[in-house]
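Trainee: Whatever this is, show me its structure:
(one chain, ligands or ions: 1)
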Amino acid sequence: MIRILANDGIHPDGQLLLEEAGYEVITDKVPQDELASVINDYDAIIVRSATKIRQPLIDQCSRLKVICRAGVGLDNIDVAYAKEQGIAVFNTPAASSQSVAELVIGHILTISRSLHVSNREMLGGDFKKLKKQFSKGKQLAGSTMGIIGFGRIGVALASTALGMGMKVIVSDPFVERREIPLFPNHFGVKSNAVIYTDKMEDVLRQADVLSLHVPSFDKPLIGADELALMKDDAILVNAARGGVIDEEALLAVLDSGKLMGAGLDVFVGEPTPDERLLNHPKVSVSPHIGASTTAAQSMIGGELADILITFFGEQ
Ligand code: NAD
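Mentor: Numbering: from 1, shown residues only. Below is the predicted model:
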């Protein structure tokens, strides 16, 4: 029987599909430093971001055929090395895009109406003073959403932003045009409503709200020079990877009075982000939960089951 270790868990929908196909799925978490001693009991391992599959562990694997990442980023797996050793590596890139896009919208709405501060300060606070303090909200309809990186999540965000009446400008050196799926109730919105530019500077300058949906790079894509190009009252959101923004440069810009605020789902120092960001009155934070909706996790579970059943076949 094919044995699968879902070391960071798997949605019950995916587990059921695998079990119905005759697989054994074990969801008991094995601590990282004990994995090497049990890894040869399994044909496949499913991980999220917590479990690391590095070269020394791969060297111990004589039975393992497949590593699955339940999610997008493969930074916790030595992918090339695993493949050299004949172990297939899969991820589930599409299942969570809409959920990430919706979290981005949540951060944007939070910053645009100071909800993060209201939530903290209204209990016991001075209602009238807070009402005055938060009286300069930003309306999103009619404003411009800038998107850097126009892949799966960027497209989902564009679709949602268009539906909210925003203009959208995007830059992505590897994309010419993409179909924007529009929700059925968005009559009258055409997919050519998106402006494409080959200059990231155009997006930085024009965006009232800027959201990043690129992979991680060796150095930050958005540093002091890029932040300087942004509008003084723009909102910046990062739900891609922590290092995509230079956090020191962001803190300096926020403290200087520039930017209305920032929404951050990802951080350089995960799982212990810089406390200056967590405490900052202009920052809305979440603990890397872009893909963490039950809908996305169910779809990821289903996609994992499809991948593994295609790979090993019905038992
Ligand atoms: P994707 O591969 O579909 O899209 C990434 C896009 O970035 C591609 O179109 C690529 O051409 C573009 N790109 C690459 N270099 C660029 C550059 N220099 N400038 C502009 N664009 C560039 O990926 P995706 O599924 O949309 O994911 C985007 C990011 O979101 C990834 O970093 C992923 O790890 C992250 N993510 C975060 C969460 C979360 O929980 N917050 C969940 C899923 C994915």
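
Trainee: Output stretch 195-213 as CSV, nothing but the C-alphas.
Mentor: Coordinates of each C-alpha in stretch 195-213 appear next as CSV, following Å, rounded to 0.1, in the frame of the first residue of the first chain:
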residue,chain,number,x,y,z
ILE,A,195,-3.2,48.9,-18.7
TYR,A,196,0.0,47.0,-19.3
THR,A,197,3.4,48.8,-19.0
ASP,A,198,6.9,47.5,-19.5
LYS,A,199,8.2,50.0,-16.9
MET,A,200,7.7,49.2,-13.3
GLU,A,201,8.3,52.9,-12.6
ASP,A,202,4.9,53.7,-14.3
VAL,A,203,3.1,51.4,-11.8
LEU,A,204,5.0,52.8,-8.8
ARG,A,205,4.2,56.4,-9.8
GLN,A,206,0.5,55.9,-10.8
ALA,A,207,-0.7,53.5,-8.1
ASP,A,208,-3.0,54.7,-5.3
VAL,A,209,-2.7,51.1,-4.1
LEU,A,210,0.3,48.9,-5.0
SER,A,211,0.3,45.2,-4.6
LEU,A,212,3.2,42.8,-5.2
HIS,A,213,2.8,39.3,-6.7
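
Trainee: Okay, buried residues for it please.
Mentor: Of the residues in stretch 195-213, 196, 200, 202-204, 206-213 count as buried by neighbour count, 16 or more other CB atoms under 10 Å. Every C-beta, even on glycine, is put in place using the N, C-alpha and C of the backbone.

Trainee: So which bits of the chain are right by the ligand?
Mentor: The interface of the chain toward the ligand, taken as CB under 6 Å from any ligand atom, is made up of 72-73, 93, 96-97, 100, 148-154, 171-175, 213-216, 221, 239-241, 265-266, 288, 290-291.

Trainee: Give the closest residue to the residue in the stretch 51-200 of the chain that the ligand sits nearest to in space, chain neighbours not counted.
Mentor: Per CB to the nearest ligand atom, the residue of the stretch 51-200 of the chain with the smallest distance to the ligand is residue 151, at 1.8 Å. Nearest in space to residue 151, with sequence neighbours left out and distances taken as CB to CB, 6 or more residues apart in numbering, is residue 213 at 6.3 Å.

Trainee: Just the ones of the buried residues of stretch 195-213 in strands?
Mentor: Assignment to strands by DSSP state E places the following of those there: 196, 209, 210, 211, 212.

Trainee: hmm, which two among those are most spread apart?
Mentor: 196 and 209 (17.7 Å; CB to CB).

Trainee: Off-centre distance for stretch 105-114?
Mentor: 17 Å (CA atoms, centre = their mean, to the nearest Å).

Trainee: Touching it from outside, list them.
Mentor: Applying CB atoms under 8 Å, 6 or more residues apart in numbering, the set of residues contacting stretch 105-114 from outside is 115-116, 133-134, 137-140, 157, 160-161, 164, 209, 211, 235, 237, 239, 260-265, 282, 284, 286.
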